[in-house]
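**Student:** A structural model of the following input is requested.
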Amino acid sequence: QVQLVESGGGVVQSGGSLRLSCVFSGLRSGYHGIGWFRQAPGKEREAVSCRDGRDPKTYYHHSVTGRFTISRDNAQNTAYLQMTNLQPSDTAVYYCATVVTCSWSQGPYGMEYWGNGTLVTVSS
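**Tutor:** Okay, here's the model as predicted:
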């Protein structure tokens, strides 16, 4: 059974930082890509970042480029999203998901398994 569990969300002031974690288990290979997504109130879910499973290419939404960093520790079965200089517009529920592939220009494709999300609230 595949499981992804996010943690690390919380309330932070504008300009602050948070690191989200996504612990994954039950995947049959170590080559799944991982993506981070977010859904703000009243908005559609959007891809924030992804990292391909087989090579280190990454994608970032234009609104987070230079502020967010995705990483992965396969030994710990954990993916991370380091978020800095957070803004109120970053307030959302953040989800991680497995992705079949991650294009550095187009983003993630083939999301299959999802976590339940972790809430990030940025106050002004």
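**Student:** what residue is smack in the middle of the chain?
**Tutor:** residue 36 (2.1 Å; CA atoms, centre = their mean).
**Student:** Which helix or which strand is home to it?
**Tutor:** Per DSSP states H and E: residue 36 is located in strand 33-39.
**Student:** Average the pLDDT values over whatever helix or strand comes next after that strand and round to the nearest integer.
**Tutor:** Using DSSP H and E, the helix or strand that directly follows strand 33-39 along the chain is strand 46-51. If you average the pLDDT over strand 46-51, you get 97.
**Student:** now for strand 46-51, which elements pack on it?
**Tutor:** With contacts defined as 3 or more CB pairs under 8 Å, 6 or more residues apart in numbering; DSSP states H and E, the packing partners of strand 46-51 are strand 33-39, strand 58-60, strand 68-73, strand 78-83, strand 107-109. Yep, even glycine has a C-beta here, placed from its N, CA and C like the rest.
**Student:** just to revisit the earlier point, was I right to think the residue nearest to the centre of the chain contacts residue 95?
**Tutor:** Yes. Proximity of residue 36 to residue 95 meets the contact threshold set by CB atoms under 8 Å, at 7.3 Å.
**Student:** buried set for stretch 64-77?
**Tutor:** 64, 68, 70, 72 (16 or more other CB atoms under 10 Å).
**Student:** which regions of this structure lie under the pLDDT threshold?
**Tutor:** Low-confidence segments of the chain (pLDDT under 70): 29-31.
**Student:** same thing but 90
**Tutor:** Filtered on pLDDT under 90, the chain yields the residue ranges 1, 26-32, 52-57, 73-76, 100-101, 104.
**Student:** show me the residues around the closest residue to residue 48 other than its chain neighbours that make contact.
**Tutor:** Distance criterion CB to CB, 6 or more residues apart in numbering; nearest residue to residue 48, sequence neighbours excluded, is residue 36 at 4.5 Å. The contact partners of residue 36, taken as CB atoms under 8 Å, 6 or more residues apart in numbering, are 20, 22, 47-50, 68, 70, 79, 81, 94-96.
**Student:** Would you mind measuring from residue 36 to residue 124?
**Tutor:** Distance from residue 36 to residue 124, counting by CB to CB, to the nearest Å: 23 Å.
**Student:** And residue 103, by the same measure?
**Tutor:** 34 Å.
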